[in-house]
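>>> Whatever this is, show me its structure:
(one chain, ligands or ions: 1)
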Amino acid sequence: MLHNGNGQEEKPEPETKPEDETEKDPTRSSASSPDGGGQTELSSLVPVYPKLEIKRNSMTDDFKISSQVLGLGINGRVLECRNKKTGEKCALKVLYDTPKSRREVELHWRASWGPHVVRILTLYENVYRGKKCLLIIMECMEGGELFSQIQARGDQAFTEREASNIMRDIGTAIEYLHRMNVAHRDVKPENLLYTTKETNRVLKLTDFGFAKETTLQNSLLTPCYTPYYCFWLYYILHCFVQKVTLCLYPFPPRLCGFPPFYSNTGQAISPGMKRRIRMGQYEFPNPEWDDVSEEAKQLIRQLLKTDPSERMTISQFMNHPWINQSMAVPPTPLHTTRVLMEDREMWDDVKDEMTSALATMRVDYDQVKIKDLDTSSNPLLNKRRKRAGTSKGGGGGG
Ligand code: ADP
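Residues are numbered from 1 along each chain as shown. You can find the predicted model right below:
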C-alpha cells in the first residue's frame, strides 16, 4: 500500500481489488450491508466507493517513469511507469490541473470501481514545468486497443459470438456508469483497451475526458444521454462485420457529423436515406451480413431507431437475447480481421470522422438540454420548480 507525504493512512486502493471482474462489482458489498435491503434489486443500488484522495508528494517518490509510450491522446502521451515498492507496471496520464480535469478524474474514479472500467490506482497533484498538474496512475492495459487486437489475429477468425461477448462487456460498463450517474459520452474503439494480450484478457473502458454527471435535472430529459452509446454500440457492432468505410454509409460524409437518428428534431435527414432504410438496403449489405444472425440485425435496428422514445435503454440492450445469451450466439466467422486489415489506411480518417460526429452530437445535446430545461413543461420538472420556489431551474445543472 502507498503512503502519502504525511504518513497518513490511505483508503483501500483499487490496486488491491481482485482480478475477477464479477467479484469487483461494489454493489455486492452494498447488497450485504445493513441497509442494503434484502428485497432491493442489485441494479438499483448505488455502489459505495472510497473518497478520492489526492497525494501531494512527488509522484516520483513512489513511481519510476519509463520512456515507454503506451498511447497518444488529445492531452499528450500516456507513459508506462512502475511502482517502486511492488514493481507493478502502471500507466501515467498527465493533465493540467483545471476544473475540467478535476471532473474527469472524479468521474473516472467513481467509475473505476465498476466492471470493465480501467482502474485509477492513485492520483497526484504535482507541479510539472512550473504548472500544476494532475498525475493519474492507472492500471496498465498491456493488451492495447480493441480493434488493434482483432487486427492482430491473422488467420484466426473472429466470430459473431466473440462480437456478442465484447458488446456485452461494453454494455456492462455503460450500465454501471448509469447507475453511478455518469454519462461517458465518448465510448469509441480507441477508448476500449485490453488488460493483456493473453486469452483471459478483459476489455475495459477508459478516458472520462467528456464524461458528465447526470443529475436528476438532466435525467428527466431522457433519453438525453442514450444517443452517445447507441451511436457507438451501433458503430462498433457494424465494424465487426463490414468494411469500416461502409460503417459511414448511413452517415454520408457531409452529414456524418450529424447522424440521422440524432438530429434535434429526431427526423431522419434525407428522403433518399429514409427510402434506403425502409427498404433495408443500407443496414446489412451482402455478402458480409449474409451469415450474421437475425438477432444481431434486430439489435442494430433497435439501436438505430430515429424516434427517441423508441430508442433502446441500456437495460433493454443488456436484456436483448444477442447480448444476454451470448453463449447461444452462433460462432459464425466474421470478416472482421480481413476488413480491418484491408481498411488499415482509412482507419485514422474514419476514427477522426467519428470523433467529430460525436463532438457535434455532444454540443447539440448540451444545447437541447439547456433549451429544454428552460422551456419544458414536464410535470416532474414543474414539481421540482415549485418545490424550489422558483420558476427556473436555478442552481446546479451544467
Ligand atoms: P486523452 O484523454 O488525452 O485522449 P486517453 O485517456 O484517451 O487520453 O489515452 C490515450 C491513449 O493512451 C489511449 O487510446 C490508449 O492507447 C493509451 N492508454 C490510455 N490509458 C492507458 C492505460 N491505462 N494503459 C495503457 N494504455 C493506455
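>>> which parts of the stretch 101-250 of the chain sit against the ligand?
Of all the residues in the stretch 101-250 of the chain, those in contact range of the ligand (CB under 6 Å from any ligand atom) are V118, M138, E139, C140, M141, E145, E190, N191, L193, T206, D207, G209. Heads up, the C-betas are built off the backbone N, CA and C, glycines and all.
>>> quick one: which of these sit in strands?
Using DSSP state E, the members of these that fall in strands are M138, E139, E145, L193.
>>> Just give me the closest of those residues to the ligand.
M138 (3.8 Å; CB to the nearest ligand atom).
>>> That closest one reaches I120, doesn't it?
Yes: here M138 lies in contact with I120, judged by CB atoms under 8 Å, at a distance of 5.6 Å.
>>> Leaving out sequence neighbours, find the closest residue to the residue of the stretch 151-300 of the chain found nearest the ligand.
When CB to the nearest ligand atom is the measure, the stretch 151-300 of the chain has its nearest residue to the ligand at D207, with 3.5 Å between them. In space, D207 comes closest to N191 once its chain neighbours are excluded; the distance is 4.4 Å by CB to CB, 6 or more residues apart in numbering.
>>> For that neighbour, give me the pLDDT.
As predicted, N191 sits at a pLDDT of 91.
>>> do the same with Q267
In this prediction, Q267 carries a pLDDT score of 38.
>>> Ok, A296 next?
At A296, the predicted lDDT confidence score is 86.
>>> I'd like the distance between it and N324.
Distance, A296 to N324, using CB to CB, to the nearest Å: 13 Å.
>>> Which one's more surrounded, these two?
Regarding A296 and N324, a neighbour count based on other CB atoms under 10 Å identifies A296 as having more, with 25 against 14.
>>> Grab the nearest non-local neighbour of that one.
With CB to CB, 6+ apart as the criterion, A296 has its nearest non-adjacent residue at 5.3 Å, and that residue is W322.
>>> okay but the one you found is in contact with I300, surely?
No: counting by CB under 8 Å, I300 is not a contact partner of W322; they are 9.4 Å apart.
>>> Show me which of these two is the more surrounded one.
When W322 is set against I300 and neighbours are counted by other CB under 10 Å, the residue ahead is W322, at 24 against 19.
>>> Could you measure from K89 over to the ligand?
In this structure, K89 lies at 9 Å from the ligand, with CB to the nearest ligand atom, to the nearest Å as the measure.
>>> Could you give the number of residues near that residue?
Quick note: K89 (other CB under 10 Å) scores 15 neighbours.
>>> got it, and N126?
The tally of other residues near N126 (other CB under 10 Å) stands at 17.
>>> Which of the helices or strands spans it?
Assessed by DSSP states H and E, N126 sits inside strand 120-128.
>>> got the buried residues for that strand?
Going by neighbour count (16 or more other CB atoms under 10 Å), the buried part of strand 120-128 is I120, L121, T122, L123, Y124, E125, N126.
>>> ok, and what's touching that strand?
Where contact means CB atoms under 8 Å, 6 or more residues apart in numbering, the residues beyond strand 120-128 that reach it are 2, 13-15, 52-59, 62, 90, 94, 97, 105, 108-109, 112, 132-139.
>>> same thing but 6 Å
Contact partners of strand 120-128, identified using CB atoms under 6 Å, 6 or more residues apart in numbering, comprise 2, 14-15, 54-56, 58-59, 108-109, 112, 133-138.
>>> all strands of this structure, in order?
54-55, 63-73, 76-83, 89-96, 120-128, 131-139, 144-145, 182-183, 192-194, 203-205, 212-213.
>>> for the record, mean pLDDT for stretch 67-78?
Mean predicted confidence for stretch 67-78 is 90.
>>> which residues sit against that stretch?
Defining contact as CB under 6 Å, 6+ apart, one finds that stretch 67-78 is touched by E80, A91, K93, L95.
>>> Tell me how many other residues crowd the second one.
I take that to be A91. Counted with other CB under 10 Å, the burial measure for A91 works out to 23 neighbours.
>>> do the first one as well
As a burial measure, the neighbour count of E80 was computed by other CB under 10 Å and equals 17.
>>> State the distance from it to the ligand.
Distance from E80 to the ligand, counting by CB to the nearest ligand atom: 8 Å.
>>> Next: the third one.
K93 sits at a distance of 6 Å from the ligand (criterion: CB to the nearest ligand atom).
>>> Specify the beta-bridge partners of the residue lying closest to that residue once chain neighbours are set aside.
Once its chain neighbours are removed from consideration, K93 has its nearest residue in I136; the separation is 4.5 Å (CB to CB, 6+ apart). Beta bridges link I136 to K93, L123 when assigned by DSSP bridges.
>>> What's the per-residue pLDDT of I136 here?
Note on I136: pLDDT of 97.
>>> Is it correct that E104 is in contact with D207?
No: with contact defined as CB atoms under 6 Å, E104 does not count as touching D207 (8.3 Å).
>>> Make CSV from the contacts of stretch 67-78 and add distance to L334 to it.
What follows is those, written out as CSV (distance: CB to CB, whole Å):
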residue, distance to L334
E80, 33
A91, 30
K93, 33
L95, 37
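>>> buried residues in stretch 197-205?
Result for stretch 197-205 [16+ other CB under 10 Å]: buried residues R201, V202, L203, K204, L205.
>>> nope, stretch 130-139 is what I meant
Buried residues in stretch 130-139, defined by neighbour count with 16+ other CB under 10 Å: C133, L134, L135, I136, I137, M138, E139.
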